[in-house]
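Participant: The following block contains a protein sequence and its predicted model.
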Amino acid sequence: GAVVSQHPSRVICKSGTSVKIECRSLDFQATTMFWYRQFPKQSLMLMATSNEGSKATYEQGVEKDKFLINHASLTLSTLTVTSAHPEDSSFYICSASDGYTFGSGTRLTVV
Amino acid sequence: AQTVTQSQPEMSVQEAETVTLSCTYDTSESDYYLFWYKQPPSRQMILVIRQEAYKQQNATENRFSVNFQKAAKSFSLKISDSQLGDAAMYFCAHLGNNNDMRFGAGTRLTVKP
């Protein structure tokens, strides 16, 4: 089946800096990828749909200028959290175009 | 929009016994997929079982099986012969036509030795 690689698995950054998270499809081409966020003791919530070669589609309430998504190739989507603040600390996880194969996730801590 | 409801925040089962986790959903789509994921403390999303809505037969994967009631929009997970390693958060999820996944709030399963 599909394999999705996500990097880094953990990152700690200072408040006000930007952090980039990568999501790669290893054995297939992904025209679409999905980004989710999971706060502690909560469920996964879809943030945005990443589309290769075009703009991402964001869910209501998600700031597109804060969470920049780039999907420049068929195997790589990146999520950049810009000007991160402590409230952005969360678990971020991507899924492949099939919708149900997930990366291993990234635990972001903003201090 | 699709919604998924898990009404049991926590469940407990004795090792070797059987437990059923409940899930209901709402959708306007006629064709879709339903999933159960296991999430251990590592937060990795482990696919437990999936069901295609157009299939009437309930999916089974070893000790895991589902009771899919399409008309009632119910999708429960049964874990037989529970093992200590089954302890985790379990999420029920609906995959829509756009391949975006909607999750329930989760059920924390504890397995008692």
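Facilitator: Everything's here; your move. All of these numbers come straight from a predicted model, not from anything done at the bench. Numbering: from 1, shown residues only, chains lettered A, B, ... in the order given.
Participant: residues of stretch A:53-71 that come out buried?
Facilitator: For stretch A:53-71, burial by neighbour count (16 or more other Cβ atoms under 10 Å in any protein chain shown) applies to A:56-58, A:62, A:67-69, A:71. Where C-beta positions appear, they are placed from N, C-alpha and C, glycine not excepted.
Participant: Return the member of the residues you listed nearest to chain B.
Facilitator: A:Thr57 (9.1 Å; Cβ to the nearest Cβ).
Participant: what's the neighbour count on the residue of chain A found nearest chain B?
Facilitator: Taking Cβ to the nearest Cβ, chain B has its nearest neighbour within chain A at A:Gly99, 3.3 Å off. Applying other Cβ atoms under 10 Å in any protein chain shown, we find 21 residues neighbouring A:Gly99.
Participant: so it is in which element?
Facilitator: Assessed by DSSP states H and E, A:Gly99 sits outside every helix and strand.
Participant: so who does the residue nearest in space to the middle of chain B touch?
Facilitator: Note on chain B: the residue nearest the mean C-alpha position is B:Trp36, at 3.3 Å, using Cα atoms, centre = their mean. Counting by Cβ atoms under 8 Å, 6 or more residues apart in numbering or on different chains, B:Trp36 touches B:21, B:23, B:47-50, B:64, B:66, B:75, B:77, B:90-93.
Participant: pLDDT averaged over the strand or helix carrying it, what's the number?
Facilitator: Element membership for B:Trp36, per DSSP H and E: strand B:33-39. Mean per-residue pLDDT for strand B:33-39: 97.
Participant: Quick check: neighbours of it in the sheet, parallel or antiparallel?
Facilitator: Using DSSP bridges, the strands paired with strand B:33-39 are strand B:46-52 (antiparallel), strand B:88-95 (antiparallel).
Participant: Strands along chain A, start to end?
Facilitator: A:4-7, A:10-13, A:19-25, A:32-38, A:45-51, A:57-58, A:67-73, A:76-81, A:90-95, A:106-110 (DSSP state E).
Participant: any idea of the pLDDT on the residue in chain B that chain A sits nearest to?
Facilitator: Nearest residue of chain B to chain A (Cβ to the nearest Cβ) works out as B:Asn99 at 3.3 Å. The score at B:Asn99 is 88. That number is its pLDDT.
Participant: That one contacts A:Asp98, correct?
Facilitator: Yes - applying Cβ atoms under 8 Å, one finds B:Asn99 in contact with A:Asp98, separated by 6.6 Å.
Participant: rewinding a little: my read is the residue of chain B closest to chain A is in a strand, agree?
Facilitator: No - secondary structure assignment places B:Asn99 outside any strand; it is coil (DSSP: H, G, I helix; E, B strand; the rest coil).
Participant: Need the nearest residue in space to it, chain neighbours excluded.
Facilitator: The shortest distance from B:Asn99 to any residue other than its chain neighbours is 3.3 Å, reached at A:Gly99 (Cβ to Cβ, 6 or more residues apart in numbering or on different chains).
Participant: where does B:Met11 fall, helix, sheet strand or coil?
Facilitator: strand.
Participant: Do I have it right that it meets B:Val111?
Facilitator: No - using Cβ under 8 Å, B:Met11 is not in contact with B:Val111, being 9.7 Å away.
Participant: Those two: which has the busier surroundings?
Facilitator: Neighbour count, other Cβ under 10 Å: between B:Met11 and B:Val111, B:Val111 has more, with 20 against 16.
Participant: Can you name the residues bridging to that one?
Facilitator: For B:Val111, the beta-bridge partners are B:Val13 (DSSP bridges).
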